[in-house]
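Student: no sequence on this one, just coordinates:
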């Protein structure tokens, strides 16, 4: 059996004169990109350049909407209503769509960022708000999510769902991510990260902090490029997957292959 997986990373997360991560190096390793849409990072110039570079490298463009939290990089909880979440997501994805059209491509998926991304996995009202925005804009958009409320809400509206595996983040026994504020939330050992990635893709399991092997679907692996050594690690993960006979391809092809 040939395993297939998409490789995605968060791009365009600078702002003005500030930069974060090595987007150019990451683009050589990816098949998809989550592009910041201006609320937690990114600005019109960065969005324009990021989409242009994605097209140049054959990388699928996805939207990475967030809470309106530039100072906190979208990682702080905010007391927004579901209607505010819906319209904020609609606004951000629409902005990225403009740049995509300008560069002869289109937005392929939507992946909520940071605290919003965590909350839509467990809050049904926020999940429905995000799905409402996506469905009203373009029903061909794929929703990137972990298993949880967002994935369920998207499927109930007939939207395609890509399940994200995050190899360098620790998982609770219930399948949610360990909060970044807790020790051990981020895994730094390259051997462990590479091993966890391969197991997620080829065996469909991930080891939790409690020592349980949790069943996971891994349509796309999220790679990070904003920490020291991250590019080398991302390259290692990609190389190990290829060495194991995994086909690295666009998310649409992965989902089509498994009938999703």
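Tutor: That came through fine. These numbers were taken from a predicted model, which means no experiment stands behind them. Numbering: from 1, shown residues only.
Student: By residue count, tell me the biggest helix in this structure.
Tutor: The longest helix of the chain (DSSP state H) is helix 82-102.
Student: Give the buried residues for it.
Tutor: If you call a residue buried by 16 or more other C-beta atoms under 10 Å, then helix 82-102 has these buried ones: 82, 85-86, 88-90, 92-93, 95-97, 99-100. Where C-beta positions appear, they are placed from N, C-alpha and C, glycine not excepted.
Student: Quick check: mean pLDDT of it?
Tutor: The average pLDDT within helix 82-102 is 98.
Student: ok, and what's touching that helix?
Tutor: 35, 37-39, 47-48, 51, 61, 63, 65-68, 80, 106-107, 110, 112, 116, 125-126, 128-130, 132-134, 136-138, 141 (C-beta atoms under 8 Å, 6 or more residues apart in numbering).
Student: and residue 214, bridged to which residues?
Tutor: residue 206 (DSSP bridges).
Student: Make residue 1 into 33 and carry on from there
Tutor: With the count now opening at 33, the last piece we talked about shows up as residue 246.
Student: Tell me which residues touch it, please.
Tutor: By C-beta under 8 Å, 6+ apart, residue 246 lies in contact with 203, 205, 207, 237, 238, 239, 240.
Student: Closest one of those to residue 269?
Tutor: Taking C-beta to C-beta as the measure, residue 269 lies nearest residue 238 of the contacts of residue 246, at 14.1 Å.
Student: Assess the claim that that closest one and residue 231 are in contact.
Tutor: Yes. Contact status for residue 238 versus residue 231: in contact at 6.7 Å, counting by C-beta atoms under 8 Å.
Student: Where does the prediction get shaky in the stretch 33-182 of the chain?
Tutor: Scanning the stretch 33-182 of the chain for pLDDT under 70 picks out 33.
Student: could the buried residues of helix 114-134 go into a markdown table alongside distance to residue 271?
Tutor: Below are the buried residues of helix 114-134 laid out as a markdown table (distance: C-beta to C-beta, whole Å):
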| residue | distance to residue 271 |
| --- | --- |
| 114 | 43 |
| 117 | 39 |
| 118 | 41 |
| 120 | 38 |
| 121 | 35 |
| 122 | 39 |
| 124 | 34 |
| 125 | 33 |
| 127 | 35 |
| 128 | 30 |
| 129 | 34 |
| 131 | 31 |
| 132 | 30 |
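Student: nearest to residue 34, of the residues you listed?
Tutor: Distances from residue 34 to the buried residues of helix 114-134, taken by C-beta to C-beta, are shortest for residue 132, at 30.4 Å.
Student: Now for residue 176, how many residues are close by?
Tutor: Residues within reach of residue 176, counting by other C-beta atoms under 10 Å, total 29.
Student: Which stretches in the chain count as strands?
Tutor: Secondary structure of the chain (DSSP state E): strands at 36-43, 64-68, 92-96, 139-142, 174-177, 193-197, 237-239, 245-247, 252-255, 279-280.
Student: Deepest in the core, which of those is it.
Tutor: Sort those by mean neighbour count, taking mean count of other C-beta atoms under 10 Å, and strand 64-68 sits at the top with a mean of 29.
Student: Direction-wise, compare that strand with strand 193-197 and give the angle.
Tutor: Computed by axes from the mean of the first three to the mean of the last three C-alpha atoms, to 10 degrees, the angle separating strand 64-68 from strand 193-197 equals 90 degrees.
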